[in-house]
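Visitor: Any chance you can model this:
(chains A and B)
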Amino acid sequence: MATRSDPRITQTMVYYQEPPVKPPPMLAAGPLAWLRDNLFSSAVNSVLTLLVGALVIGLIVSFINWVITQANWYAVIFNLRQFMVGRYQVDAEWRLQVMLLVIAFTIGAALAAWGRISRFFALMIIAVVALAFVIPVAIRAVGVMPPTYLTAGATELQSGSSTETPLPNVGFIGQAGETISLQLALDLSADDEALRTLHSFGDVAANLLRASAENRLTNAQRIAVINAQLAEDTPNYRTLTANQRTTLEADLGRLVVPDPIAESLALNQTPINFRILRGSTFEPILEGTLAADGTAATIALPEDGWYILETTGDGIGLLETYGIYPHLQRDFSRLEELDEAGNVVNAAGRYQQYVRMTDGFLTEEIRPRIDGRDVPMMIIIDNQYRGDRTLNDYLVLYLGPFLEIINDALLWIVIAAGVGYIGLGLINQYAPVEAKKRGSRAVAQRTATWLLLALPVLMFVLAYGVGGFLPLTDTRRWGGLLLTVMLSMVGIIASFPLGVLLALGRRSKLPVVSTACTLYIEFVRGVPLITVLFMAQLLVPLVNPQLAEVDNVFRAMVGITLFSAAYLAENVRGGLQAIPPGQEEAAKAVGLSGWQITLFVTLPQALRLVIPALVGQFISLFKDTSLVAIVGLIDLTGISQATVAQTEFLGLRREVYIFITLIYFGFSYIMAALSRRLEASGSGAARRV
Amino acid sequence: MIDEATVARDPIIKCEGVNKWFGEFHVLRDISVDVLPQEVVVIIGPSGSGKSTFIRCINRLEEHQEGKIVVDNMELSHDVRNIAAIRREIGMVFQQFNLFPHLTVLQNITLAPIQVRRWSRDKAEAKARELLERVGIPEQAEKYPGQLSGGQQQRVAIARALAMEPKIMLFDEPTSALDPEMIKEVLDVMKELATSGMTMLCVTHEMGFAREVADRVLFFDQGRIVETGTPEHFFVNPQHARTKLFLSQIL
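Guide: Numbering: from 1, shown residues only, chains lettered A, B, ... in the order given. Below you'll find the predicted structure:
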């Protein structure tokens, strides 16, 4: 034990030699060390890592699998305009395009002022845009459009209670120069094993064939299993109780295995005669016979419009056709259209558009009639893609067309953002030196701030119009993302000052002001948003008929603003209360007046403190705008509800809601990311005193 | 520190029978004291004796309920303009610095001159840089308070108060929240200020500072002035038993 007399303690030491100042040692020695330290540091951590990893990977794989083989994105691709802008007037649509460019320009400018685009990031962006153009071309070059299977002949097909007879005539639309080819689908008609693998578009009877084959094979397999069980020949049922035996035998009795479908129908064994007629004139442009020897017929269509495929035959044939795809019929009504000479180009009344779902090709040619009835056509409800999709079919049917729709817009957005980024950089670079004494990017930052402040005003003016300059648009036609963005933008911008004023008012020393603000805040917070919206839409016009003139969108904006302001006020008040009293004392001591103290000292600090809460409030406001769907406005959610309620898109709920989920998530995530940037900016970089 | 030839002998601060209560608690009892221009008055006393409350009454951070306080020939009243005018003449430095954390050092110093005195930004910044030079930290102008040490922050606070070109400076225990090594740098600035002829009222526990710089020492106990005198009198020959006890405990 050491004592006071221990020389090790009493010895005097003076250290003249200074240890060198060294950089810290490399803590991470490569990815493996990182994995060991962070993901597999202990047994529990390792198990958690593996479990969560397996879960995440499993979810991603099954989601991607679903996207490629099952998901049907036509509801989204077809209604993309509706999802984006609703029924916004077509003649004013250029304004929204300008708006998009202005937004992109401002984002570019803001990046130049506060952010930095690394060379890698810029190359990534350029690569993405280039890919958006290259991929569709590549898909067109390499991919093959899936066939459509049509039945032909005279045999009635039966499956359970449903019967189908092949259609003798099928109408379809086509483009000049397009190739139509037909042949018997001999690889599918060999036996039921082949028939069950049918996957593509098909008419109802073709699908019935596939389903019957599938059904028969499944039943046969089930019977084999039960027989094995009854023979006590399986690992699970070594011995059977009397009860189990009875159940299995009952099951066996219910299972019926029909004769093999392909063989019993003599599918594709008899020749099929066909003609292709021009829909407008019924003039045959091709005729011939398809036989089991694999003969194929091909024709290039002479012009755009309707054609009819007419088939006859004694037995039954399954035709593999290329160029015939399901259609969507759109009904419109229009006013009389005149050309410059005053001749009627289009008569007033209803007219139809027929759209081919695979590529959006459309014609307004009148659908041919046979025996007084519209010729049957492949429609997208009944003739949807059946069976699991292949990757090729996913690419040619969805990814390629989708990229083709958006790639122009993407290019323009990136160009506008690039112009903003480079332009502001140049302005900053050539600005006089004395303008930059508050930082090398001061000029850019000031310019970008003005741009950001002007952006919402500009967006609103572009979308709505301004008296005497841009004609006003009809807000009843606003919809989709446009409406969602406008509602949230106006809500956020208007409720912010109102909320701050309410917060200051609630803390006011004047009892009248503080009581009024408190009452307002507590009342609004006690009422659900949906009630506020209903009041704005239904009750307010009853109370004051003049307010019924104000259109619904503006009433919803006012409702959302008033609602959000109350919550915002409480957030801001929380921030104000967290400011230490010393701040106000110091501000008083240097002679600042009451409002100056609020404006320059307490409010900025309070707002900075509550950025996370404020942005949280803004994000929930953005998502809460979906409630306007209930009061009859068709925002992004409203459009989705309307879309999945259309017969053409029944059963596509998942795809539509996943699509809008991605949009909502994208916007919310951007807001959250901006909030993090804002928190870390300025004095946020140095933590509080 | 008083240059007899240049000083107008009218007191710049006059307190007569100042009384104040916090609820039932009588925190200031009949304080009557005058402070002459360019005088350095150090106020000492035990915690809770009312010394901070007293100097906070002088720039109206606290309101007195009885008596009269006259600063630079203006009597403190409820008139807001009057209070604002008086606050423009009085700078104050706090124990906890109370810098504005969301503003840079330069913005902290220029805020009041620009907003209250209506100086141009350039003039205010020139003045601020001059003051930062004076308190010895010109290189910290663009930093935020959170990036400075306690001593540096307190020197910024002094510069902030001086930027309004006050006639009087109040110091409320300016070194109590500082590490021992930083106390000296702040005291040096205060000494330099005293030498330059600023009227100062200073609540402090730094007896060395009081002894060296003060023209007069006030000793507070339980809300009243117990003893007052020159530092020589005070530290060498205190009269009141309470003063003796206090000094014996801290020296």
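
Visitor: what secondary structure does residue A:183 sit in?
Guide: Using DSSP: H, G, I helix; E, B strand; the rest coil, the structure places residue A:183 in strand.

Visitor: On the pLDDT front, check the closest residue to it other than its chain neighbours for me.
Guide: Sequence neighbours aside, residue A:296 is the residue nearest to residue A:183 in space, at 3.8 Å (criterion: C-beta to C-beta, 6 or more residues apart in numbering or on different chains). No exception for glycine: its C-beta is placed from N, CA and C like everyone else's. According to the prediction, residue A:296 has pLDDT 87.

Visitor: Could you do residue A:326 as well?
Guide: For residue A:326, the pLDDT comes out at 90.

Visitor: For stretch A:253-261, could you pull out the residues that count as buried?
Guide: A:260, A:261 (16 or more other C-beta atoms under 10 Å in any protein chain shown).

Visitor: Quick check: end-to-end length of that stretch?
Guide: For stretch A:253-261, the first-to-last residue distance is 21 Å (C-alpha to C-alpha, to the nearest Å).

Visitor: In which helix or strand does residue B:92 reside?
Guide: Here residue B:92 sits within strand B:90-93, counting by DSSP states H and E.

Visitor: Using CSV, write out the CA atom coordinates for that strand.
Guide: Presented in CSV, the C-alpha positions along strand B:90-93 are these (Å, rounded to 0.1, in the frame of the first residue of the first chain):
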residue,chain,number,x,y,z
ILE,B,90,-28.0,52.6,-19.7
GLY,B,91,-26.1,49.5,-20.8
MET,B,92,-26.4,46.3,-18.9
VAL,B,93,-24.4,43.2,-18.6
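
Visitor: Relative to that strand, what are the paired strands and their orientations?
Guide: The strands beside strand B:90-93 in its sheet (DSSP bridges) come out as strand B:168-172 (parallel).

Visitor: and the partner strand, how far out from the chain's middle?
Guide: Here the centre of strand B:168-172 is set off from its chain's centre by 1 Å, with C-alpha atoms, centre = their mean, to the nearest Å.

Visitor: Could I get the average pLDDT for it?
Guide: For strand B:168-172, the mean per-residue pLDDT is 96.

Visitor: Contacts for it next, please.
Guide: Residues outside strand B:168-172 that contact it (C-beta atoms under 8 Å, 6 or more residues apart in numbering or on different chains): A:589, B:12-13, B:35, B:52, B:55-56, B:58-59, B:71-72, B:89-95, B:158, B:161-162, B:190, B:193, B:198-204.

Visitor: Once you drop chain neighbours, what's closest to residue B:109?
Guide: residue B:128 (3.9 Å).

Visitor: Enumerate every residue touching that neighbour.
Guide: Counting by C-beta under 8 Å, 6+ apart, residue B:128 makes contact with B:106, B:109, B:110, B:113, B:141, B:159, B:163.

Visitor: Just give me the closest of these to residue A:537.
Guide: residue B:110 (50.9 Å; C-beta to C-beta).

Visitor: Count the neighbours of that closest one for me.
Guide: 24 (other C-beta atoms under 10 Å in any protein chain shown).

Visitor: Identify the residue nearest it in space, chain neighbours excluded?
Guide: Take residue B:110 and drop its neighbours on the chain: the residue closest to it by C-beta to C-beta, 6+ apart is residue B:124, 3.9 Å away.

Visitor: which SS state does the one you found fall under?
Guide: When classified by three-state DSSP, residue B:124 comes out as helix.

Visitor: And for the residue nearest to residue A:183, the neighbour number?
Guide: Here the number of neighbours of residue A:296 (other C-beta under 10 Å) works out to 12.

Visitor: I figured it was touching residue A:179, is that so?
Guide: No - using C-beta atoms under 8 Å, residue A:296 is not in contact with residue A:179, being 11.3 Å away.

Visitor: next one: the longest helix along chain B to chain centre, how far?
Guide: When chain B is parsed with DSSP state H, its longest helix is helix B:180-195. Relative to its chain's centre, helix B:180-195 lies at 13 Å (C-alpha atoms, centre = their mean).

Visitor: Which strands and helices lie in contact with the helix or strand following that helix?
Guide: Scanning forward in sequence from helix B:180-195 by DSSP H and E, the next helix or strand is strand B:199-203. Judged by 3 or more C-beta pairs under 8 Å, 6 or more residues apart in numbering or on different chains; DSSP states H and E, the packing partners of strand B:199-203 are strand B:40-44, helix B:51-58, strand B:168-172, helix B:180-195.

Visitor: Let's see that with 6 Å instead.
Guide: strand B:40-44, helix B:51-58, strand B:168-172 (3 or more C-beta pairs under 6 Å, 6 or more residues apart in numbering or on different chains; DSSP states H and E).

Visitor: Just checking: what are the partner strands of the first one?
Guide: Read it as strand B:40-44. Strand B:40-44 has its sheet partners listed here by DSSP bridges as strand B:199-203 (parallel), strand B:216-221 (parallel).

Visitor: separation between residue A:420 and chain B?
Guide: Separation of residue A:420 from chain B (C-beta to the nearest C-beta, to the nearest Å) stands at 28 Å.

Visitor: ok so that residue is a strand residue?
Guide: No - counting by three-state DSSP, residue A:420 is not part of a strand but helix.

Visitor: Might you report the residue contacts of it?
Guide: By C-beta atoms under 6 Å, 6 or more residues apart in numbering or on different chains, residue A:420 lies in contact with A:105, A:108, A:109.

Visitor: Identify the residues contacting the first one.
Guide: For residue A:105, the contacting residues are A:416, A:420, by C-beta under 6 Å, 6+ apart.

Visitor: what does the second one give?
Guide: Contacts were defined as C-beta under 6 Å, 6+ apart; by that measure residue A:108 touches A:417, A:420, A:421.

Visitor: Surely the last one is in contact with residue A:111?
Guide: Translated: residue A:421. Yes - proximity of residue A:421 to residue A:111 meets the contact threshold set by C-beta atoms under 6 Å, at 5.5 Å.

Visitor: which outside residues touch the helix or strand harbouring residue A:457?
Guide: Assigned by DSSP H and E, residue A:457 belongs to helix A:442-464. For helix A:442-464, the external contacting residues (C-beta under 6 Å, 6+ apart) are A:95, A:98-99, A:102, A:106, A:109-110, A:112-113, A:424, A:428, A:431, A:435-436, A:489, A:493.
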